[in-house]
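Chemist: what follows is a protein structure lacking sequence information:
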């Protein structure tokens, strides 16, 4: 791989990678059983540089901000490289946000360039807030030939002949602005520097190396912090290939493993569990004799891999299982949300390594990761090289808030020194997660201190971000909370949101009110919905500026009500 | 060509078969995530079955933001 300690910025490292492995495959894009494109590093460069020059000719200058809103596909990476080549700051936005949310974050980031897939652009253009869009350059990909472009330009036609200027950035310059939340009014734009990414890439590839010939299967969109690193920066700076699969359907994921002989893949816990469910069903449908043999082989594998993995042995013992994963798989990575130990153990017993890690948007990709020396299903691994983890104010069980320090930690929240000061204290990032470090320096997580939830799909949901959908409810006041914030529990499984309702004087939480709350709830994306109502008959504690004192209210609710008081919705 | 009502009915029958619930329990405006207790991957599974039935292909993103059978039927109908 490239020696990233010698590089100043992502653009420089990627530029050298394209020169170093011109004939290696870097990108394959598949859609179901079809292959849309296959590019070598040279072809990737030939696709990106004309776009970079076009952007420069259009006035895109170093330190300018450019947002990408796309699903999982090759044009995401080509566009990102063109932006870095121009010295730009990338703003990767989640394509699953609503158009109104995307417009809000585009405004907050002051992105002057927007690169977006056509179907997403059409939805943005039809949003009532469309007039607020300030981006000067809008490029849409894959627009049908006769499509209304709403003032945008075709990405495919945005090419200029000639040599673009390479714009060098310094290590401490911002590389990306990544939003961890804030669509409800106070956006948290994590400013991550080139150093953050270069250092993180060195730590990760020391544990899980890439090299020419490695194939990484990407099913997460590249705006996801993990995919940006292990599905772009990591493989590219090592001459490896990324296979983009533009569907999450299990049958095509299975097919991609064997067709492309995948080496690594990242998934969120929901997809991993789905994979486990499917495999268990297939095992259960085996004839009794075969099932017995399989169980015995799993037992042998378990015994011989207790101290450390032995992939060669596992592939020999459980050949059919490994063949179904293509026969070349070295590890799956899981992240973005909590993964149940039983699921990790299921795969480990089959000789399929699942690298379980723990990260947060404010600290790039990952803080801790399992190194399989030995495998531990009950932890999220040890801090990566260069990352320090400590537990603040541990209780009698050693559990306290997890704090992180290292070159992976963001520089600040964009335009919000007050919120930055709350989470970056004396050089430590306060994560808001509760954990414990054991004697082997493995981190175990035990819930959250902060008022938010993470879904199985790896989505972080902050109550403040969804409260506005309940605006105008015929109640005296309301507030949304993570149920585990009101009634702390030492778990991160099955987290839910609830709405605390203080009804109007003399009115109860009757059926019409419940129906209205349910109707408002349906306007939210399914993973953002609340699941219960907490009836509350006292005035909410408020600050002088009438903001709800959430912590104080949560304390009052904990003292007065049991979790069973929640009315299911 | 089937009208929207027929398409909706066919989708309800397919969903009932796929998730082994009585057809009578499902209504066009039901939130299928809640009524069927499924996650987004299971919803994609249903979409594959619906595609095979109607001989069409819908990208995953077409299901983005769709949570009830009627809206799903509208997306299908637009491709018939």
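Modeler: Perfect, I can see it now. As the structure is a computational prediction, the values presented were derived from the model and not from experiment.

Chemist: residues from the stretch 1-150 of chain A in reach of chain B?
Modeler: A:32, A:71, A:95-96, A:98, A:119-120 (C-beta under 8 Å from any C-beta of the partner chain). Heads up, the C-betas are built off the backbone N, CA and C, glycines and all.

Chemist: what of chain A?
Modeler: Within chain A, the positions lying close to chain B (C-beta under 8 Å from any C-beta) are A:32, A:71, A:95-96, A:98, A:119-120, A:246-251, A:270-271, A:274, A:456-457, A:522, A:525-527.

Chemist: weed out the non-buried ones from these.
Modeler: Neighbour counting by 16 or more other C-beta atoms under 10 Å in any protein chain shown classes A:32, A:71, A:95-96, A:98, A:119-120, A:246-250, A:270-271, A:274, A:456-457, A:525-527 among the residues of chain A next to chain B as buried.

Chemist: ok, back up a step: mind picking the two most distant members of the residues of the stretch 1-150 of chain A next to chain B?
Modeler: A:32 and A:98 (26.8 Å; C-beta to C-beta).

Chemist: in three-state terms, label residue A:204 for me.
Modeler: Counting by DSSP: H, G, I helix; E, B strand; the rest coil, the backbone at residue A:204 sits in helix.

Chemist: that one and chain B: what is the separation?
Modeler: 27 Å (C-beta to the nearest C-beta, to the nearest Å).

Chemist: quick one, what contacts the spatially most central residue of chain A?
Modeler: The centre of chain A sits closest to residue A:224, judged by C-alpha atoms, centre = their mean, with a distance of 3.5 Å. Going by C-beta atoms under 8 Å, 6 or more residues apart in numbering or on different chains, residue A:224 touches A:336, A:458.

Chemist: could you rerun that using 7 Å?
Modeler: residue A:336 (C-beta atoms under 7 Å, 6 or more residues apart in numbering or on different chains).

Chemist: likewise residue A:414?
Modeler: Applying C-beta under 7 Å, 6+ apart to residue A:414 gives the contacts A:109, A:177, A:189, A:191.

Chemist: measure residue B:71 to residue B:36 for me?
Modeler: As judged by C-beta to C-beta, to the nearest Å, residue B:71 and residue B:36 stand 15 Å apart.

Chemist: repeat for residue A:261
Modeler: Per C-beta to C-beta, residue A:261 is found 36 Å from residue B:36.

Chemist: what about these two, which has more around it?
Modeler: Between residue A:261 and residue B:36, counted using other C-beta atoms under 10 Å in any protein chain shown, the more crowded position is residue B:36 (20 against 16).

Chemist: packing partners of the helix or strand hosting residue A:430?
Modeler: Counting by DSSP states H and E, the element that carries residue A:430 is strand A:428-437. For strand A:428-437, the packing partners by 3 or more C-beta pairs under 7 Å, 6 or more residues apart in numbering or on different chains; DSSP states H and E come out as strand A:387-392, strand A:400-406, strand A:443-448.

Chemist: could you tell me the least trusted of those strands?
Modeler: Least confidently modelled of these is strand A:443-448, at a mean of 90 by mean pLDDT.

Chemist: just checking: what are the partner strands of the helix or strand following that one?
Modeler: Counting by DSSP H and E, the next helix or strand C-terminal to strand A:443-448 is strand A:453-454. Strand pairing for strand A:453-454, determined by DSSP bridges: strand A:460-461 (antiparallel).

Chemist: any idea how far the partner strand is from the chain center?
Modeler: On the basis of C-alpha atoms, centre = their mean, to the nearest Å, strand A:460-461 sits 11 Å off its chain's mean C-alpha point.

Chemist: list the residues that contact residue A:210.
Modeler: Residue A:210 neighbours (C-beta under 7 Å, 6+ apart): A:1, A:234-235, A:238, A:240.

Chemist: so what's the nearest residue to it once chain neighbours are set aside scoring on pLDDT?
Modeler: Nearest residue to residue A:210 in three dimensions, chain neighbours excluded: residue A:238, at 3.6 Å (C-beta to C-beta, 6 or more residues apart in numbering or on different chains). What the model reports as pLDDT for residue A:238 is 98.

Chemist: correct me, but residue A:238 touches residue A:211?
Modeler: Yes: counting by C-beta atoms under 7 Å, residue A:238 touches residue A:211, with 5.6 Å between them.

Chemist: the two: who's more crowded?
Modeler: Per other C-beta under 10 Å, whichever of residue A:238 and residue A:211 has more neighbours is residue A:238, with 22 against 13.

Chemist: helix, strand or coil: sort out that one for me.
Modeler: Using three-state DSSP, the structure places residue A:238 in coil.

Chemist: and whichever residue of the stretch 451-569 of chain A sits closest to chain B, how far is that from residue A:278?
Modeler: Closest residue of the stretch 451-569 of chain A to chain B, C-beta to the nearest C-beta: residue A:526 (4.6 Å). Distance of residue A:526 to residue A:278, given as C-beta to C-beta: 22 Å.

Chemist: check residue A:451 too.
Modeler: Distance, residue A:451 to residue A:278, by C-beta to C-beta: 35 Å.

Chemist: next one: residue A:190
Modeler: According to C-beta to C-beta, residue A:190 stands 35 Å off from residue A:278.

Chemist: the more surrounded of these two?
Modeler: residue A:190 (26 against 14).

Chemist: which SSE is the residue lying farthest from the centre of chain A in?
Modeler: Using C-alpha atoms, centre = their mean, the residue of chain A lying farthest from its centre is residue A:506. It sits 45.2 Å away. If you go by DSSP H and E, residue A:506 is not part of any helix or strand.

Chemist: cool, and the one 3 residues further on?
Modeler: Applying DSSP H and E as the criterion places residue A:509 outside every helix and strand.

Chemist: which parts of chain B sit against chain A?
Modeler: Residues of chain B lying close to chain A by C-beta under 7 Å from any C-beta of the partner chain are B:31, B:33, B:39-41, B:44, B:48, B:60-61, B:64-65, B:67.

Chemist: let's have those residues in JSON lines, adding secondary structure and pLDDT.
Modeler: Shown next, in JSON lines, are those (DSSP: H, G, I helix; E, B strand; the rest coil; pLDDT from 0 to 100):
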{"residue": "B:31", "secondary structure": "strand", "pLDDT": "88"}
{"residue": "B:33", "secondary structure": "helix", "pLDDT": "87"}
{"residue": "B:39", "secondary structure": "coil", "pLDDT": "84"}
{"residue": "B:40", "secondary structure": "helix", "pLDDT": "84"}
{"residue": "B:41", "secondary structure": "helix", "pLDDT": "85"}
{"residue": "B:44", "secondary structure": "helix", "pLDDT": "89"}
{"residue": "B:48", "secondary structure": "helix", "pLDDT": "91"}
{"residue": "B:60", "secondary structure": "helix", "pLDDT": "87"}
{"residue": "B:61", "secondary structure": "helix", "pLDDT": "84"}
{"residue": "B:64", "secondary structure": "coil", "pLDDT": "79"}
{"residue": "B:65", "secondary structure": "coil", "pLDDT": "79"}
{"residue": "B:67", "secondary structure": "coil", "pLDDT": "87"}
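
Chemist: and the two most separated of those?
Modeler: Maximum distance among the residues of chain B next to chain A (C-beta to C-beta): 20.2 Å, for B:31 and B:48.
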